[in-house]
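Undergrad: what shape does this take:
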Amino acid sequence: MKVLAIEPGASWSTADVSAGLFAGLAEHGVELIRYRLDGRIDRSRRWLYYNWRRVKKTQPAIIKPTTADIFYQAGIGALEMGLRHQVDAVIVVSAMFLHPDVIVMMRRAGLKVFVLFTESPYDMAKELEMAKLIDGCWTCERSAVSAFSDVNPKSGYLPHAWFGDRHQPGPQPGDEAVRAHDVVFVGSGFHERVTWLKSIDWTGIDLGIYGSWEMISHLHPLRRYLYGGIVDNVTTAALYRRAKIGLNLYRTSQGWGKKAPSITHAESLNPRAYELARCGAFTLSTYRAEVPEIFGDLVPTFENAFEASALIRTWLADDAGRKTVQDQLPARVAESSWTERAGRVIGDLQSLLESAA
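TA: Reported below is the predicted structural model:
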């Protein structure tokens with residue numbers, strides 16, 4: 001099977017999902033034709049703005065390029081690439097930054113297009129509109145499958161996963177290069193996460209926060225705990241293995257800022273849950289239905305900052321207890337690798353392509 005693999009426009013988070021899925025497909029023998037959307041978006045932005053500024057000197061009324069213009073310019077080459085390589089299918093991860101016209105034209109040209117939606121349930125409205133345009137899709141949130149099936153009957157649930165050698169338990173070469181925190185959190189600074197972390201008394205605890213937290217002012221009480229900004233998945237795994245406790249704070253915001261609306265329901269594990277467990281990192285987590293279903297009592301959950309603070313201090317003082325839990329976690333997700341998930345994707349694709357033949 002030959003697949004045009006369109007990587008997401010974002011260079012982190014969803015890029016890790018893309019890297020895992022496409023590596024898994026390659027392990028199963030799928031021939032991948034890769035289309036890097038993130039770098040193309042950056043080049044398209046610079047090219048369009050450069051020419052707009054240049055032409056504006058003699059044609060002041062010329063319209064400034066829009067975000068849609070940039071996305072179209074960045075994505076249209078995927079149509080040509082898919083046709084030139086005569087691929088059996090096109091798989092898009094996320095599709096947040098792929099112009100829908102590109103997908104429309106791909107299908108007009110006879111290409112079969114499938115999307116793994118990674119932003120459910122946070123950007124459901126946009127994802128559902130895109131789902132109407134394609135041949136089939138998967139969502140990372142199991143409670144969202146029915147909504148996707150309403151607009152596209154060829155919809156399914158594909159859980160997140162851990163990725164190959166990046167997520168392994170026990171000390172790994174290079175781990176010593178990162179700081180060993182008491183508690184670590186790697187993720188973006190959505191409002192609810194800021195509120196959670198600010199509400200906890202961190203006195204005497206070495207907390208490390210990594211990721212995109214630009215909205216935190218220099219005077220904010222959490223500023224002292226910010227380290228390094230956005231880090232790659234290899235560094236993240238090392239931070240998990242070196243920390244005494246890894247925090248998993250599930251996102252609820254549908255966008256940025258204090259006034260962003262919140263989702264009403266979600267059940268599925270995020271990538272962080274699988275990666276922490278596979279790395280053998282003791283984890284404390286906000287609640288999602290799949291947490292106890294998959295981990296039982298090995299991942300204690302909390303509903304408020306008071307409960308979180310008590311759990312953090314209790315488990316920091318229990319080295320032996322943490323070690324007992326850590327030793328059991330990798331086995332709970334042993335079959336949840338991206339290689340395994342890719343096998344499911346191949347099976348789905350084969351069934352869908354055969355039914356369409």
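
Undergrad: my read: residue 31 touches residue 3, true?
TA: Yes. Applying Cβ atoms under 8 Å as the test, residue 31 and residue 3 come out as touching, 7.0 Å apart. In this view, the C-beta of every residue, glycine as well, is placed from N, C-alpha and C.

Undergrad: between these two, which one's more packed in?
TA: Counting neighbours by other Cβ atoms under 10 Å for residue 31 and for residue 3 shows that residue 3 has the greater number, 25 against 13.

Undergrad: in a helix, the more buried one, correct?
TA: No. Going by DSSP: H, G, I helix; E, B strand; the rest coil, the assignment for residue 3 is strand, not a helix.

Undergrad: pretty sure it contacts residue 92?
TA: No. Using Cβ under 8 Å, residue 3 is not in contact with residue 92; the gap is 10.6 Å.

Undergrad: mind checking how far the host helix or strand of residue 52 is from the chain centre?
TA: Take DSSP states H and E as the rule and residue 52 turns out to sit in helix 37-56. Distance, stretch centre to chain centre, for helix 37-56: 27 Å (Cα atoms, centre = their mean, to the nearest Å).

Undergrad: what is the helix or strand following it packed up against?
TA: Sequence-wise, the next helix or strand downstream of helix 37-56 (DSSP H and E) is helix 67-75. Contact partners of helix 67-75 among helices and strands, from 3 or more Cβ pairs under 8 Å, 6 or more residues apart in numbering; DSSP states H and E: helix 37-56, helix 100-108.

Undergrad: again, only this time at 6 Å
TA: helix 37-56 (3 or more Cβ pairs under 6 Å, 6 or more residues apart in numbering; DSSP states H and E).

Undergrad: same question for the helix it packs on: list its buried residues.
TA: Within helix 37-56, the residues that count as buried by 16 or more other Cβ atoms under 10 Å are 37-38, 40-41, 44-45, 48.

Undergrad: could you check the angle it makes with helix 67-75?
TA: 120 degrees (axes from the mean of the first three to the mean of the last three Cα atoms, to 10 degrees).

Undergrad: which other residues reach helix 37-56?
TA: With contacts defined as Cβ atoms under 6 Å, 6 or more residues apart in numbering, helix 37-56 is touched by 7, 9, 11, 62, 64-65, 70, 73-74.

Undergrad: filter those to the buried ones?
TA: Buried among the contacts of helix 37-56 (16+ other Cβ under 10 Å): 7, 9, 11, 65, 70, 73-74.

Undergrad: quick one: secondary structure of residue 216?
TA: Residue 216 is classified as coil under three-state DSSP.

Undergrad: and the pLDDT at it?
TA: Residue 216 is assigned 87 on the pLDDT scale.

Undergrad: contacts only, for it.
TA: Residue 216 makes contact with 222-223, according to Cβ under 6 Å, 6+ apart.

Undergrad: mind pulling up the phi and psi values for it?
TA: The phi and psi torsions at residue 216 (degrees, to the nearest 10) take the values phi -80, psi 120.

Undergrad: quick check, residue 284 in contact with residue 309.
TA: No. If you go by Cβ atoms under 6 Å, residue 284 and residue 309 don't touch, sitting 10.4 Å apart.

Undergrad: more neighbours, the two?
TA: Neighbour count, other Cβ under 10 Å: between residue 284 and residue 309, residue 284 has more, with 21 against 16.

Undergrad: from residue 196, how far off is that one?
TA: 11 Å (Cβ to Cβ, to the nearest Å).

Undergrad: contacts for the strand or helix carrying residue 125?
TA: For residue 125, the element it lies in under DSSP H and E is helix 124-131. Here helix 124-131 makes contact (Cβ under 6 Å, 6+ apart) with 95, 117, 137, 148, 151-152.

Undergrad: stretch 90-102 now?
TA: Under the criterion Cβ under 6 Å, 6+ apart, residues 3-6, 8-9, 14, 17-18, 71-72, 75-76, 82, 111, 113-116, 118, 130, 133 lie in contact with stretch 90-102.

Undergrad: and residue 144, backbone torsions?
TA: phi -90, psi -10.

Undergrad: show the buried residues in the contacts of helix 124-131.
TA: By neighbour count, with 16+ other Cβ under 10 Å, those hold 95, 117, 137, 148, 152 as buried.

Undergrad: for those residues, which one is nearest residue 288?
TA: Residue 288 lies nearest to residue 117 out of these, by Cβ to Cβ, at 17.6 Å.
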